[in-house]
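Visitor: I would like to see how this sequence folds:
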Amino acid sequence: MSESVFVPGIIASVAVLAVSIMIGFWARKLTSNLADYYVAGRSIGAVNNGFAMLSLSLSLTTFLGLTAMIIFGFYLAVAIYAAFTAAFIAMLVLAAPYLRRHRSFTTMAFIGDRFYSRNLRLLSVAIMLVVSVLYMVANIKGVGIIFEMLLGLPEFWGILVGGLVVTIYVTVGGMYGVTYNQTFQSLVMLFAIMLPVMIILRALGVDGWWFPPLGYGEMVPTMLQVTPHYFFPFIVHPVWYISIFLGTFFGIIGLPHFVMRFFTVRDAREARWSTVICTFLVGIVNASVYAVGFAGVYYMATQGVQIDPRYYDRFVFILTESLAGSGWLAIAVAGAVAAALSTIAGLLMIMGAGLVHDFYGVLRPNTSPDKMLKMATWVMFGVGIVSTLISLRPPEFILVTVMWAFGIAGAAFGVPIVLGIWWKRATKEGAAAGMIVGFLTSFIPYILIEIVGWDPTVISRFLYGPMGWVKNVAYSIPLAFIVMVVVSWLTKAPPLEVRKQVDKMHGWTDYREERYNGKVLPVLVVVLSVLCILFSFTLYDVFSRIGT
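Guide: Below is the predicted model of the structure:
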């Protein structure tokens, strides 16, 4: 790419940043109390919320990290795209309407209330901060990449500018500002993704360029000849695919900034339809972005072009400039900026809400609403500054910390949320044990591999291949399920008023003890979890180790 200042990209990026700040200040007029600040007065409709959810899911992981995975991980990237899309179906079926009926503000409030424990709520805040920081660091790094690309300056300045802009409009506008900004940013991203992809496919001579999710299929015969290994699914043990499925399936449910969106809608019906809208759009976009990565591999294989692996995260920009031109590159850059802002905003919102509403509010329950609202504003600003500073030491590849965040969220939050909704017998002791085991078995490997620098294959011979450490999810989430079910059975049943919550979350106006209280579900969960763990340690001599 050119090392000179990229003026069109700067103009497009500044426009997105300026509109985002304007929306934040406009939304301030709608905010008069804590419910407005945290959950937009529970007034958001399905379409608006669906687009806001879309922008959360289309983080810079989609724009940059996953396209890098397509190049580096070959066929494995298909599993990630498919799993990300399917995860929203899990959210629709297992969680969305039920969480809305609970009328909490945050995941942490839900866990504290459902499992009748103040200490669990406080523990949830700590876990939420870990998950949110990991997710945020990757996206702020993406802003740094864009800034470096536009001006040729170090990522450091992009991280500071991007973090500051989001901090301003989230602090000022609260959830109203976040929601309307995310809807605006979704529209920008849809335009910025779809059109450049069409131009790229057309430049490569694809007749079906007008519909990228299927059009890239015309390149498959040539790809089979020049890069046959690209289509080989078992370059790692099949448990890798199980891990991706579990991590995204329960990770989406466990990610606090996703869950918070369901507390903003008017009712359970709006929560359900917003998820449907989001799922449809996510599927279209994910397939289109995969077409970019596929086209890039095709382009390199047929044209003999080589790209330094250090720049795989920038591949979507490199390909757009090479095949579509600088005008379309400016649009792609604007879309990437929008993607980063939307996700960072959601993460700042949940971190600020968690610290004020679920930490300080629990320790000081008699604090006046006006004081809590003022505190929320200042804490939100402080969280934004601190998170930006933490992000000054980003990961080498964006996708790395995002996948760790999904795994930790799935094990620590996804498990208690699902069982808390669908099984009355789930107790506070069971939830505490499951959350702690899930968190430790997913976070400790992160520390050892990413912070301490241990080679995954030194920790376990099973963790080979591209992102082989992802297989850790196949142990952590099943272990969390097993521990939570077993401990719940060994401890006293929840109080009657807590068990009634389960029926209310499912829309029942009366109460029946036998509903969601059978033995089939917990037994099935334990059996499947045990089988998953056993499978994770078998058949390793059967499959290839290409890409180790």
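Visitor: what ranges of the stretch 101-250 of the chain fall below the confidence cut-off?
Guide: 150-153, 169, 233-235 (pLDDT under 70).
Visitor: Repeat that for the stretch 301-450 of the chain.
Guide: For the stretch 301-450 of the chain, the ranges with pLDDT under 70 are 393-398.
Visitor: just the strands in the stretch 351-500 of the chain please.
Guide: Counting by DSSP state E, counting those that start in this stretch, no segments of the stretch 351-500 of the chain form strands.
Visitor: now the helices for the stretch 151-300 of the chain?
Guide: 155-203, 212-215, 220-226, 239-254, 256-262, 268-303 (DSSP state H, counting those that start in this stretch).
Visitor: try the stretch 301-450 of the chain
Guide: 315-323, 326-353, 361-363, 369-390, 398-409, 415-422, 428-446.
Visitor: ok, residues contacting the third one?
Guide: It stands for helix 361-363. Gly112, Arg118, Arg121, Leu122, Thr367, Met372 (C-beta atoms under 8 Å, 6 or more residues apart in numbering). Glycine gets a C-beta too; all of them are placed from N, C-alpha and C.
Visitor: cool, stretch 409-417 as well?
Guide: Residues contacting stretch 409-417 (C-beta under 8 Å, 6+ apart): 95, 99, 107, 110-111, 115, 124, 127-128, 131, 246-256, 259, 426, 431, 434-435, 437-439, 441-442, 473, 476-477, 479-481, 484.
Visitor: nearest to Phe147, of the helices of the stretch 151-300 of the chain?
Guide: Judged by C-beta to C-beta, the one of these that comes nearest to Phe147 is helix 155-203, at 2.4 Å.
Visitor: what about the residue nearest to Pro495 when sequence neighbours are not counted, is that helix, strand or coil?
Guide: Nearest non-adjacent residue to Pro495, counting by C-beta to C-beta, 6 or more residues apart in numbering: Tyr116, 6.5 Å away. Of the three states, Tyr116 takes coil under DSSP: H, G, I helix; E, B strand; the rest coil.
Visitor: Quick check: Tyr116 touching Val498?
Guide: Yes: with contact defined as C-beta atoms under 8 Å, Tyr116 counts as touching Val498 (5.3 Å).
Visitor: Comparing the two, which residue is more hemmed in?
Guide: Neighbour totals were compared for Tyr116 and Val498, and Val498 leads with 18 against 15 (other C-beta atoms under 10 Å).
Visitor: My read is that the more buried one contacts Arg114, right?
Guide: Yes: the pair Val498 / Arg114 is scored as a contact, 6.9 Å apart, by C-beta under 8 Å.
Visitor: rewinding a little: from the contacts of helix 361-363, list the buried ones, please.
Guide: Buried subset of these (neighbour count, 16 or more other C-beta atoms under 10 Å): Gly112, Arg121, Met372.
Visitor: and those as JSON lines, adding distance to Ser387?
Guide: Output for these, formatted as JSON lines (distance: C-beta to C-beta, whole Å):
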{"residue": "Gly112", "distance to Ser387": "24"}
{"residue": "Arg121", "distance to Ser387": "22"}
{"residue": "Met372", "distance to Ser387": "21"}
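Visitor: closest one to Tyr135 among the helices of the stretch 301-450 of the chain?
Guide: Here helix 398-409 is closest among the helices of the stretch 301-450 of the chain (C-beta to C-beta), at 4.3 Å.
Visitor: Give the buried residues for that closest one.
Guide: In helix 398-409, counting by 16+ other C-beta under 10 Å, buried: Ile398, Leu399, Val400, Thr401, Val402, Met403, Trp404, Ala405, Phe406, Gly407, Ile408, Ala409.
Visitor: Of these, just say which sits nearest to Ala18.
Guide: Nearest member of these to Ala18, counting by C-beta to C-beta, is Ile398, at 25.1 Å.
Visitor: for stretch 300-313, which positions count as buried?
Guide: Neighbour-count burial for stretch 300-313 [16+ other C-beta under 10 Å]: Met300, Ala301, Tyr312, Asp313.
Visitor: what's the first-to-last distance across that stretch?
Guide: 15 Å (C-alpha to C-alpha, to the nearest Å).
Visitor: Return the backbone torsion pair for the residue nearest to Pro495.
Guide: Main-chain torsions, Tyr116, degrees, to the nearest 10: phi 40, psi 50.
Visitor: neighbours of Phe263, just the number please.
Guide: So Phe263, with other C-beta under 10 Å, has 25 neighbours.
Visitor: For it, list the residues it contacts.
Guide: Tyr38, Val39, Arg42, Leu99, Arg100, Arg103, Ser104, Phe105, Thr106.
Visitor: Quick one: these as CSV, columns for distance to Val206, secondary structure and neighbour count too.
Guide: Output for those, formatted as CSV (distance: C-beta to C-beta, whole Å; DSSP: H, G, I helix; E, B strand; the rest coil; neighbours: other C-beta atoms under 10 Å):
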residue, distance to Val206, secondary structure, neighbour count
Tyr38, 46, helix, 27
Val39, 44, helix, 26
Arg42, 45, helix, 18
Leu99, 42, helix, 25
Arg100, 42, helix, 24
Arg103, 49, coil, 14
Ser104, 47, coil, 22
Phe105, 47, coil, 23
Thr106, 45, coil, 25
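Visitor: Could you single out the nearest of the residues you listed to Val236?
Guide: The closest of the contacts of Phe263, once distances to Val236 are taken by C-beta to C-beta, is Leu99, at 34.1 Å.
Visitor: Count the neighbours of the residue lying closest to that closest one once chain neighbours are set aside for me.
Guide: Closest residue to Leu99 apart from its sequence neighbours, by C-beta to C-beta, 6+ apart: Phe262 at 4.8 Å. Neighbour count of Phe262, defined by other C-beta under 10 Å: 29.
Visitor: wait, doesn't Phe262 sit right on Ala96?
Guide: Yes: taking contacts as C-beta under 8 Å, Phe262 lies within contact range of Ala96: 5.5 Å.
Visitor: and for these two, which residues touch both?
Guide: Ala271, Ser274.
Visitor: quick one: contacts of the helix or strand hosting Ala109?
Guide: Assigned by DSSP states H and E, Ala109 belongs to helix 107-114. By C-beta under 8 Å, 6+ apart, the residues outside helix 107-114 that reach it are 99, 102, 104, 118, 120-122, 124-125, 128, 254, 256, 259-260, 350, 354, 357-358, 362, 413, 416-417, 420, 431, 435, 498, 501.
Visitor: Of those, select the buried ones using a PyMOL command.
Guide: Buried subset of those, written as a PyMOL selection, criterion 16+ other C-beta under 10 Å:
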select buried, resi 99+102+104+120+121+124+125+128+254+256+259+260+350+354+357+358+362+413+416+417+420+431+435+498+501
